[in-house]
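Participant: Requesting a structural model of the entry that follows:
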Amino acid sequence: MKKKSILIVILPVLLILFAGAMQKRNAEQSSAIAQSAAIEERITGNVVTLDPNGSNSYTTFAPELPATVGRVPQLDPKTGVYVEEAKPNLFYVTDGIYQSAFLKTEEGVIVFDAPPSFAHALPGVLQRYAVGEPIVYLVYSHGHTDHVGGTAVFADVPDLQVVAPVAVAESIAARGNPGILMPTLTYEDQYSFSLGGETV
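Facilitator: Coordinates of the predicted model:
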């Protein structure tokens, strides 16, 4: 009976001590977090809360952010892309994440990149904005799949010239990806060409 009564007395005492230790640890952690935030604020002035009504909200140091959200391109529900004529005859195409572009000239169209996320829509976009114009060049900005992984949509374009750095061509050849068109014109450091009065 003595062992049970000792255990009954010790257990609540241990629980009280444990709870007290936890409260103390939590208080120390809260204090450390507050001190860290105060130090960061003194050093950088960039302590930010997600509460838009707070005095140190993101809207205080970056009031343009809400307006930026309003500039997100409205994708065409049929094509899944947004197309904008950035300059006369130079078009920007995006799915909201990846980009492509094309330039209309008097002798045909130059396409820059074909991301796999929306490459399927590019032929239709080109038919709409460059009616009847042949696609003459496809230019790779670089060899990452998110930029050139959809180029197979242009596989049937007659006499298409695919332009890329030598290193990109070597990388594509090494990967052996059938969904990416092999470059037909390669260059080391830089390359320039003209089409229909436009120089790229």
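
Participant: Got the domain ranges for this structure?
Facilitator: Domain assignment for the chain by automatic domain parsing gives 2-69, 73-199.

Participant: ranking these by mean pLDDT, which is last?
Facilitator: For the domains of the chain, mean pLDDT drops lowest on domain 2-69, to a mean of 51.

Participant: buried residues in stretch 176-196?
Facilitator: Within stretch 176-196, the residues scored as buried using 16 or more other CB atoms under 10 Å are 177, 180-181, 183, 186, 195. Using the backbone N, CA and C atoms, a C-beta is placed for each residue, glycine as well.

Participant: neighbouring contacts of that stretch?
Facilitator: 105-108, 110, 116, 136-138, 140, 145, 148-152, 154-155, 160-166, 168-169, 172-173, 199-200 (CB atoms under 8 Å, 6 or more residues apart in numbering).

Participant: Derive a PyMOL selection command for the buried subset of those.
Facilitator: The PyMOL command for the buried members of the contacts of stretch 176-196 (criterion: 16+ other CB under 10 Å) is given here:
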select buried, resi 105+108+110+116+136+137+138+140+148+149+150+151+152+154+160+161+162+163+164+165+168+169+172
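
Participant: What about the contacts of stretch 176-196, which are in strands?
Facilitator: Counting by DSSP state E, the part of the contacts of stretch 176-196 found in strands is 105, 108, 110, 136-138, 161-165, 199.

Participant: TSV for these, including distance to E84?
Facilitator: Converted to TSV, the ones in strands among the contacts of stretch 176-196 look like this (distance: CB to CB, whole Å):
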residue	distance to E84
T105	19
G108	21
I110	17
V136	22
Y137	21
L138	20
Q161	26
V162	25
V163	24
A164	25
P165	28
T199	22
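
Participant: just those now: which is nearest H120?
Facilitator: Nearest to H120 out of the ones in strands among the contacts of stretch 176-196 is L138 (CB to CB; 15.3 Å).

Participant: For that closest one, list the residues it contacts.
Facilitator: 110-111, 114, 151, 154, 157, 160-163, 181.

Participant: swap the cut-off to 10 Å and go again
Facilitator: Contacts for L138 (CB atoms under 10 Å, 6 or more residues apart in numbering) come out as 102, 109-114, 148, 151, 153-154, 157, 160-164, 181, 183-185.
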